[in-house]
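Visitor: Have a look at this fold, sequence not included:
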Ligand SMILES: Nc1nc2c(ncn2[C@@H]2O[C@H](COP(=O)(O)OP(=O)(O)OP(=O)(O)O)[C@@H](O)[C@H]2O)c(=O)[nH]1
């Protein structure tokens with residue numbers, strides 16, 4: 001009889017605390033027969049209200065990119081009945097289109113689960129966090145509402161750079177770590193090696209490691225008892241104290257306006273509660289409260305220890321501040337400590353192709369901003385492109401994802417300039433200025449009062465198979481890198497640390513590293529401050545007029561090659577003009593490269609039969625419309641397409 005209770009796939013099963021003996025494992029299986037672990041949806045509110053704080057578990061899943069966080073979340077949601085295992089809805093927590101398209105997590109998402117174990121109900125709040133370094137801030141904010149973390153490691157890849165970085169972040173925030181080895185179903189899985197790495201790198205005992213396959217679901221259900229046993233409840237929270245709820249995330253819904261995800265630290269909140277923002281001192285009356293299950297599910301009230309949503313009933317995204325504390329109106333309760341402010345590493349300019357779209361695009365930028373507080377937005381003006389915005393991002397993946405989100409909404413209506421890093425200008429009188437718009441970078445006579453320039457650096461940590469050591473070192477050297485550390489690990493991997501200019505990192509350094517190591521390298525980095533540098537502005541001129549939106553700043557060693565390439569590319573995209581056009585690249589008051597486009601007139605009617613009047617009119621109207629999409633620099637009209645093609649990476 002016992003044999004039937006133990007599924008065949010449990011040949012992979014090994015003692016997992018708290019099921020550390022066969023006896024306990026069988027008890028668990030029998031208990032499950034009598035007490036289903038799933039809580040029926042119609043009993044949710046009633047049973048949730050009775051769960052004591054000691055039965056709450058708030059945890060996050062952290063791992064290197066692609067090690068299976070979102071897949072594991074899917075399985076946990078299925079086991080606890082939050083989603084139907086037969087539904088086609090995969091990667092439930094990757095909600096943004098860009099996440100589904102690219103298969104990566106960009107936003108941390110929270111979901112609640114209820115679970116019945118050994119005669120008691122438990123309430124879990126699970127956070128699926130992004131793995132990529134660019135989203136570190138998003139991860140660290142999510143940590144604030146968690147007491148534990150599942151540290152997921154791919155059985156065939158082992159520990160990678162971001163596993164290490166995420167481990168230290170979680171460790172520094174005092175989270176209880178539960179090591180999990182995933183993808184044990186793969187032929188290439190090497191569980192003993194991954195265990196050995198977890199033990200030697202993180203000093204987490206191998207006997208605590210749970211082996212799972214998030215894809216097939218193997219062993220995933222045994223993670224839930226481990227979470228209960230190993231991760232502490234949020235005992236610092238107090239539902240009898242005066243309300244204090246911290247805003248963890250926010251997003252916009254066209255029907256109900258702004259929605260806030262809050263970490264309930266103290267007190268309770270329900271529909272009709274009058275709340276106050278500690279930051280703006282504005283008061284609101286709560287319209288709805290509830291949990292993410294995985295969609296918004298209204299509840300009669302929220303209590304301390306929960307991570308859940310509230311609808312405060314306002315529509316202006318600018319009123320919501322992540323990190324802000326909400327208290328009972330007029331209670332005077334002390335605000336909670338806020339979050340670290342985002343520090344943008346990459347900037348781009350964004351301009352509407354047609355100036356009349358400015359208001360519409362600005363509104364949608366604000367909605368995107370509401371959902372991604374790591375972006376900074378400022379209005380900016382360009383001589384060539386008119387009024388637009390300067391956007392700041394945490395890294396190049398972050399920038400490219402935000403750009404995708406904007407482009408999918410505004411398509412061809414937006415021109416986005418090349419990414420740049422914030423450079424520093426040090427003046428002779430001791431003052432400093434950060435310049436994040438290349439066009440504002442001092443040039444020519446403006447340089448007289450300047451002592452020197454400096455540029456931001458990162459300390460990059462890379463891991464890859466030992467055979468690529470030489471290739472990676474020459475890649476780093478050719479990107480102005482400076483070696484800091486080199487270690488050969490027992491697993492046959494090399495770990496190196498380099499100081500790299502951030503400008504080099506954002507120029508698809510990771511892509512180059514991946515192709516140099518046939519996809520095996522992993523990269524992590526942290527800010528390393530500014531270092532003096534021989535940097536200059538490279539300007540593109542069309543018939544003697546500077547095209548400010550195409551200016552870039554770079555190290556002296558790159559100027560000549562970039563200048564030659566740029567004039568050829570711009571010539572290619574400007575193509576047909578009605579008179580001769582001279583394209584020049586200028587740096588340090590010197591023309592470095594030049595191309596000329598010979599005059600040519602395009603006759604749209606050339607191939608048309610003289611009598612075909614309607615067709616003739618149509619073509620002339622189309623030509624007129626085409627001209628509207630042109631932006632004029634000096635006497636030369638540059639089409640939106642030409643800007644977009646030039647600025648697109650080849
Ligand atoms: N064979 C196998 N594949 C898995 C398993 N778990 C996840 N995968 C696959 O690994 C890939 C990455 O999985 P995700 O769940 O998207 O990984 P992630 O860690 O959420 O990725 P990011 O959010 O981008 O950091 C997908 O193709 C999954 O199908 C597993 O247990 N076995």
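Guide: Now that the structure is in, tell me what you want to look at. Bear in mind that the values here come from a model prediction, so they are computed numbers and not experimental data.

Visitor: Report the buried residues of stretch 251-261.
Guide: By neighbour count on 16 or more other CB atoms under 10 Å, the buried set for stretch 251-261 is 251, 252, 257, 258, 259, 260, 261. C-beta here means a position set from N, CA and C on the backbone, and glycine is covered the same way.

Visitor: Show me which helix runs longest in the protein.
Guide: Ranked by number of residues, the top helix in the chain under DSSP state H is helix 556-574.

Visitor: Packing partners of that one?
Guide: Applying 3 or more CB pairs under 8 Å, 6 or more residues apart in numbering; DSSP states H and E, we find helix 556-574 packed against strand 535-542, strand 581-587, strand 590-597, helix 640-647.

Visitor: quick one: which of those is nearest the ligand?
Guide: Closest approach to the ligand among those (CB to the nearest ligand atom): helix 640-647, 26.5 Å.

Visitor: so where's the stretch 401-550 of the chain shaky on pLDDT?
Guide: When residues are selected by pLDDT under 70, those of the stretch 401-550 of the chain lie in 410-412, 444-446, 490-491.

Visitor: Try it again at 80.
Guide: Where the stretch 401-550 of the chain drops to pLDDT under 80, the residues are 401, 403-413, 443-448, 489-492, 519-520.

Visitor: where do the strands sit along it?
Guide: For the stretch 401-550 of the chain, strands defined by DSSP state E, counting those that start in this stretch occupy the ranges 414-416, 423-427, 432-435, 450-465, 482-488, 493-501, 522-532, 535-542, 545-546.

Visitor: cool, the stretch 101-250 of the chain as well?
Guide: Secondary structure of the stretch 101-250 of the chain (DSSP E, counting those that start in this stretch): strands located at 109-117, 120-128, 148-154, 176-182, 210-211, 244-253.

Visitor: Could you say which of the ones you listed is packed most deeply?
Guide: Of all the strands of the stretch 101-250 of the chain, strand 148-154 has the most neighbours on average by mean count of other CB atoms under 10 Å, namely a mean of 25.

Visitor: now it: mean pLDDT?
Guide: Strand 148-154 carries an average pLDDT of 94.

Visitor: Hmm, residue 399 is touching residue 350, no?
Guide: No. Using CB atoms under 8 Å, residue 399 is not in contact with residue 350; the gap is 10.6 Å.

Visitor: Nearest residue to the closest residue to the ligand within the stretch 251-400 of the chain in space, please, no chain neighbours.
Guide: The minimum distance from the stretch 251-400 of the chain to the ligand, using CB to the nearest ligand atom, falls at residue 397 (10.2 Å). Of all residues not flanking residue 397 in the chain, residue 134 sits nearest, at 4.5 Å (CB to CB, 6 or more residues apart in numbering).

Visitor: what's near enough to touch that neighbour?
Guide: Applying CB atoms under 8 Å, 6 or more residues apart in numbering to residue 134 gives the contacts 393, 394, 395, 396, 397, 398.

Visitor: Columns secondary structure and distance to residue 110 on top of the residues you listed, output as CSV?
Guide: Formatted as CSV, the contacts of residue 134 follow (DSSP: H, G, I helix; E, B strand; the rest coil; distance: CB to CB, whole Å):
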residue, secondary structure, distance to residue 110
393, strand, 23
394, coil, 20
395, coil, 23
396, helix, 27
397, helix, 22
398, helix, 20
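
Visitor: Need the per-residue pLDDT for the closest residue in space to residue 597 that isn't next to it in sequence.
Guide: Spatially, and ignoring its direct neighbours in sequence, residue 597 is nearest to residue 581 (4.3 Å; CB to CB, 6+ apart). In this model, residue 581 is scored at 83, pLDDT.

Visitor: which bits of the stretch 151-300 of the chain sit near the ligand?
Guide: Counting by CB under 6 Å from any ligand atom, the stretch 151-300 of the chain comes close to the ligand at 182, 183, 185, 186, 213, 214, 215.

Visitor: Buried ones among those residues?
Guide: 182, 183, 185, 213, 214, 215.

Visitor: Now, the residues you listed that are in helices?
Guide: Using DSSP H, none of those sit in helices.

Visitor: from those residues, which single one is nearest residue 48?
Guide: residue 214 (26.3 Å; CB to CB).

Visitor: in terms of contact, does the closest one touch residue 78 like I think?
Guide: No. Using CB under 8 Å, residue 214 is not in contact with residue 78, being 10.8 Å away.

Visitor: ok so, going back, mind putting the buried ones among the residues of the stretch 151-300 of the chain next to the ligand in TSV, pLDDT and distance to residue 596 included?
Guide: Formatted as TSV, those follow (pLDDT from 0 to 100; distance: CB to CB, whole Å):
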residue	pLDDT	distance to residue 596
182	95	59
183	95	57
185	92	62
213	93	62
214	94	59
215	92	58
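
Visitor: List just the nearest of those to residue 569.
Guide: residue 183 (42.8 Å).

Visitor: For the closest one, give me its contacts.
Guide: When contacts are counted by CB under 8 Å, 6+ apart, residue 183 touches 67, 68, 154, 155, 156, 189, 213, 214, 215.

Visitor: one step back: so which of the strands of the stretch 401-550 of the chain gets nearest residue 552?
Guide: Using CB to CB, the strands of the stretch 401-550 of the chain put strand 535-542 closest to residue 552, at 5.2 Å.

Visitor: Output the lowest mean pLDDT helix or strand found in the chain.
Guide: Ranking every helix and strand in the chain by mean pLDDT, DSSP states H and E puts helix 2-5 at the bottom, with a mean of 35.

Visitor: number of nearby residues for residue 349?
Guide: Using other CB atoms under 10 Å, residue 349 is surrounded by 25 other residues.

Visitor: need the contact list for residue 471.
Guide: Residue 471 makes contacts with 516, 517, as judged by CB under 8 Å, 6+ apart.

Visitor: So which bits of the protein are right by the ligand?
Guide: Counting by CB under 6 Å from any ligand atom, the residues of the chain that sit close to the ligand are 63, 65-71, 103-105, 130-131, 182-183, 185-186, 213-215.

Visitor: mind running it again at 5 Å?
Guide: Within the chain, the positions adjacent to the ligand are 65-71, 104-105, 131, 182-183, 185-186, 213-215 by CB under 5 Å from any ligand atom.

Visitor: Leaving out the residues flanking it, which one is nearest to residue 277?
Guide: Excluding the flanking residues, the one nearest residue 277 by CB to CB, 6+ apart is residue 324, at 5.5 Å.

Visitor: quick one: that neighbour and residue 183, what's the gap?
Guide: 39 Å (CB to CB, to the nearest Å).

Visitor: cool, and residue 52?
Guide: Distance, residue 52 to residue 183, by CB to CB: 36 Å.

Visitor: Where does the stretch 201-350 of the chain get nearest to the ligand, which residue?
Guide: residue 215 (3.3 Å).

Visitor: residue contacts, that residue?
Guide: 68, 71, 183, 185.

Visitor: Just give me the neighbour total for the second one.
Guide: Other residues lying near residue 71 total 20 when counted by other CB under 10 Å.

Visitor: Phi first, then psi, for the closest residue to it other than its chain neighbours.
Guide: Using CB to CB, 6+ apart and skipping the chain neighbours, the partner closest in space to residue 71 is residue 214 (4.1 Å). Per-residue torsions, residue 214: phi -70, psi -30 (degrees, to the nearest 10).

Visitor: contacting residues for residue 214?
Guide: So residue 214 contacts 68, 71, 72, 74, 75, 182, 183, 220 (CB under 8 Å, 6+ apart).

Visitor: One more pass at 6 Å, please.
Guide: If a contact means CB atoms under 6 Å, 6 or more residues apart in numbering, then residue 214 has 68, 71, 72, 75, 182 as its contacts.

Visitor: mind listing what the last one touches?
Guide: In this case it means residue 182. Contacts of residue 182 (CB under 6 Å, 6+ apart): 68, 152, 154, 212, 214.

Visitor: who's the second one bridged to?
Guide: Beta-bridge partners for residue 152, by DSSP bridges, are residue 63, residue 180.

Visitor: Can you name the residue of the stretch 501-650 of the chain nearest the ligand?
Guide: Taking CB to the nearest ligand atom, the ligand has its nearest neighbour within the stretch 501-650 of the chain at residue 522, 11.8 Å off.
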